[in-house]
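> Give the three-dimensional model of this entry:
(chains A and B)
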Number of protein chains: 2
Amino acid sequence: MAFNSKKTYGERIENFTNIAARELLTLMERKKTNLSLALDVNTKREFLEIADKVGPYICLLKTHIDILVDFDQDFIEQLKKLQNKHDFMIFEDRKFADIGNTVKHQYSKGIYKIAEWANITNAHPLPGDGIVSGLKEVGLPLGRGLLLLAEMSSKGSLATGAYTEAAVEMARRHRDFVIGFIAGRKLVSNENEDFIVMSPGVGLDSSKDGLGQQYRTPRNVILESNSDIIIVGRGIYESGKDVIEEALRYKNAGWNAYLERLMN
Amino acid sequence: MAFNSKKTYGERIENFTNIAARELLTLMERKKTNLSLALDVNTKREFLEIADKVGPYICLLKTHIDILVDFDQDFIEQLKKLQNKHDFMIFEDRKFADIGNTVKHQYSKGIYKIAEWANITNAHPLPGDGIVSGLKEVGLPLGRGLLLLAEMSSKGSLATGAYTEAAVEMARRHRDFVIGFIAGRKLVSNENEDFIVMSPGVGLDSSKDGLGQQYRTPRNVILESNSDIIIVGRGIYESGKDVIEEALRYKNAGWNAYLERLMN
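Next up, the predicted model:
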């Protein structure tokens, strides 16, 4: 049996029943990109401007909806227009971390109604299986997918060792809804199972910020660690940079590392 | 030296430099309550009605601001009026769980601007010290306090053992801002240090919900486990109950357990 990490994104579609996972792999194959943009800005105008520029180069737009100071329903409509225009999926990086009954409400209700527009969201396995069950009640009927945070890229992270293993076990118990992990590397060695791994903390130029974030290169992440998607934020849009040029640079670095992995 | 768990809330004020911690202990002593209401409803009307009824009996109102479907600035103004009318503090149970740079924005910006109205918020220690540093940059100048989630009351929680110990160590490194823990019990035995412990999952009538939450009584929590504040939600306001009667029942159960602890 071929190793999943030696298969193309397209070949791996059959490993998943979850609709969001299948759509994402299809899109990556079609658009030839494993780049996710982490777009952390505070105004609609900035957000929509950058998303419009970078949209052609990404498979997934990662949002922190709750840092936008002028969020409103119009923002969601504009976001959906850009999604159709540029063909990307949306990942709200909510990092749900509460008990099942609470996350159900946080995911479906409130001002943001995340489940209505985010194809993918994520959760910490910390509270136990109830968090996945609660989110699944809302998300699965809508064709959504969930990532579990199995590792974090920040300094002093406690998501290591037995914690990371427990995240993998939890994902295995909910394969219909949990499509993969936020982690620095491929976590499972059993080639009968396949999870999509997305890695944050990717940068080509700097190695850390002032608040504990640590950076690795696309090649580290995709080729050496067998992750599937690179998540890049400030490296693309921090001031002084040409965002299109940077997006293209990361898109190529991520895709070339993937091609090299297939060949090896 | 007297054990902190044998001291009154008022006597423990001197153990803290953090303004929110000192205010909270003062308020508990004055109002003779260690009850926190976890008010998880989806509309402003329901929220404000229940908060107005239960306000006289609580020290702390615990919110999940992001489940209110009709949240607006008027809600914050109404909430502040009730706070002044009934003399309670506000704890937004946000469970921050991201890297420092992100939580800084989530705490101060977006639609909710949590730091502007929540005296206390909480965070998972999972990402490492950067999460506390990021929140502290925003909260300390405003006189806010932070609780670390050292344990969770849900089934299969991974916040146990070495994880819980790491939470305590992290709190010790940030005593000016971290005022205590969300946990099921007093976590430190050294009587030179004092943290305020708040325990969720408290109920007098039921032992679990359908999504993994498990309940303990006020006496378990305050007397046997030396926690300081009981957090009660659905036990007080679920349909069919007289909320004032239930609030009073929990207030008395919590306070009597505390008095019994002082006498023992």
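> center of chain A - which residue?
Nearest to the geometric centre of chain A sits A:M198, at 5.2 Å (Cα atoms, centre = their mean).
> wait, that residue sits on A:V232?
No. Using Cβ atoms under 8 Å, A:M198 is not in contact with A:V232, being 11.1 Å away. C-beta coordinates here come from the backbone N, C-alpha and C atoms, glycine included.
> Between the two, which contacts overlap?
Common contact partners of A:M198 and A:V232 (Cβ atoms under 8 Å, 6 or more residues apart in numbering or on different chains): A:S36.
> close to chain B, is stretch A:85-103?
Yes. Against chain B, stretch A:85-103 shows contacts by Cβ under 8 Å from any Cβ of the partner chain at A:D93, A:K95, A:A97, A:D98, A:I99, A:G100, A:N101, A:T102.
> Closest to A:R216 out of those residues?
A:D93 (18.1 Å; Cβ to Cβ).
> so the closest one is in which element?
A:D93 belongs to strand A:89-96 when assigned by DSSP states H and E.
> Could you pull out the strands in chain A for me?
For chain A, the strands defined by DSSP state E cover A:35-39, A:60-63, A:89-96, A:120-123, A:145-149, A:178-182, A:196-199, A:229-232.
> can I get those in JSON lines with distance to B:E193 and mean pLDDT?
Below are these laid out as JSON lines (distance: least, Cβ to Cβ, whole Å; pLDDT from 0 to 100):
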{"stretch": "strand A:35-39", "distance to B:E193": "38", "mean pLDDT": "98"}
{"stretch": "strand A:60-63", "distance to B:E193": "39", "mean pLDDT": "98"}
{"stretch": "strand A:89-96", "distance to B:E193": "30", "mean pLDDT": "98"}
{"stretch": "strand A:120-123", "distance to B:E193": "33", "mean pLDDT": "98"}
{"stretch": "strand A:145-149", "distance to B:E193": "31", "mean pLDDT": "98"}
{"stretch": "strand A:178-182", "distance to B:E193": "34", "mean pLDDT": "98"}
{"stretch": "strand A:196-199", "distance to B:E193": "38", "mean pLDDT": "98"}
{"stretch": "strand A:229-232", "distance to B:E193": "39", "mean pLDDT": "97"}
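> lowest-confidence helix or strand of chain A?
Scoring the helices and strands of chain A by mean pLDDT, DSSP states H and E places helix A:234-237 at the bottom, with a mean of 93.
> to the chain's geometric centre, what's the distance from that helix?
Its chain's average C-alpha position is 16 Å from that of helix A:234-237, according to Cα atoms, centre = their mean, to the nearest Å.
> Over to stretch A:22-30?
How far stretch A:22-30 lies from its chain's middle: 13 Å, per Cα atoms, centre = their mean.
> What count of nearby residues applies to the residue nearest to A:L149 when sequence neighbours are not counted?
Nearest residue to A:L149 in three dimensions, chain neighbours excluded: A:I182, at 4.6 Å (Cβ to Cβ, 6 or more residues apart in numbering or on different chains). By other Cβ atoms under 10 Å in any protein chain shown, the residues close to A:I182 number 26.
> which ones are touching A:I182?
A:I182 is in contact with A:N122, A:L147, A:L148, A:L149, A:A150, A:E151, A:M152, A:V197, A:M198, A:S199, A:P200, counting by Cβ under 8 Å, 6+ apart.
> What of A:R185?
A:E151, A:V197, A:S199, A:V221, A:S225, A:N226, A:S227.
> Please repeat the previous calculation with a cut-off of 10 Å.
Residues counted as contacts of A:R185 (Cβ atoms under 10 Å, 6 or more residues apart in numbering or on different chains) are A:A150, A:E151, A:T164, A:V197, A:S199, A:N220, A:V221, A:E224, A:S225, A:N226, A:S227.
> now what about the least confident helix or strand of chain A, what contacts it?
So helix A:234-237 is in contact with A:35, A:37-41, A:46, A:49-51, A:53-54, A:57-58, A:202-206, A:209, A:213, A:215, A:241-251, B:101, going by Cβ under 10 Å, 6+ apart.
> still on that earlier bit, compare the contacts of A:I182 and tell me which has the most neighbours.
Neighbour tally across these (other Cβ under 10 Å): the maximum, 30 neighbours, falls on A:M152.
> Next one: that one from chain B, what distance?
5 Å (Cβ to the nearest Cβ, to the nearest Å).
> related to what we said a few turns ago, ok now do the residue nearest to the centre of chain A, which residues does it touch?
Residues near A:M198 by Cβ under 10 Å, 6+ apart: A:24, A:34, A:36, A:60, A:62, A:91, A:93, A:120, A:122, A:147, A:179-183, A:221, A:227-231.
> Counting neighbours, what do you get for the residue nearest to it when sequence neighbours are not counted?
Once flanking residues are discounted, A:M198 sits nearest to A:I229: 4.1 Å by Cβ to Cβ, 6+ apart. By the other Cβ under 10 Å criterion, the neighbourhood of A:I229 contains 29 residues.
> A:I229 against A:L61, yeah?
No. At 11.9 Å, A:I229 and A:L61 do not qualify as touching, with contact defined as Cβ atoms under 10 Å.
> Now do the shared contacts for these two.
What both A:I229 and A:L61 touch, as defined by Cβ under 10 Å, 6+ apart, is the set A:S36, A:F91.
> can you map out the helices along the stretch 101-250 of chain A?
With DSSP state H, counting those that start in this stretch as the criterion, the stretch 101-250 of chain A has helices at A:130-139, A:162-172, A:218, A:234-237, A:243-263.
> re the thing from before, quick one: the strand holding A:D93 to helix A:130-139, angle?
Put simply, strand A:89-96 runs at 140 degrees to helix A:130-139, going by axes from the mean of the first three to the mean of the last three Cα atoms, to 10 degrees.
> List the contacts of A:R144.
A:18-20, A:92, A:107, A:114-116, A:118-121, A:135-136, A:138, A:177, A:179.
> A:G156 and A:V221: what is the separation?
Distance, A:G156 to A:V221, by Cβ to Cβ, to the nearest Å: 20 Å.
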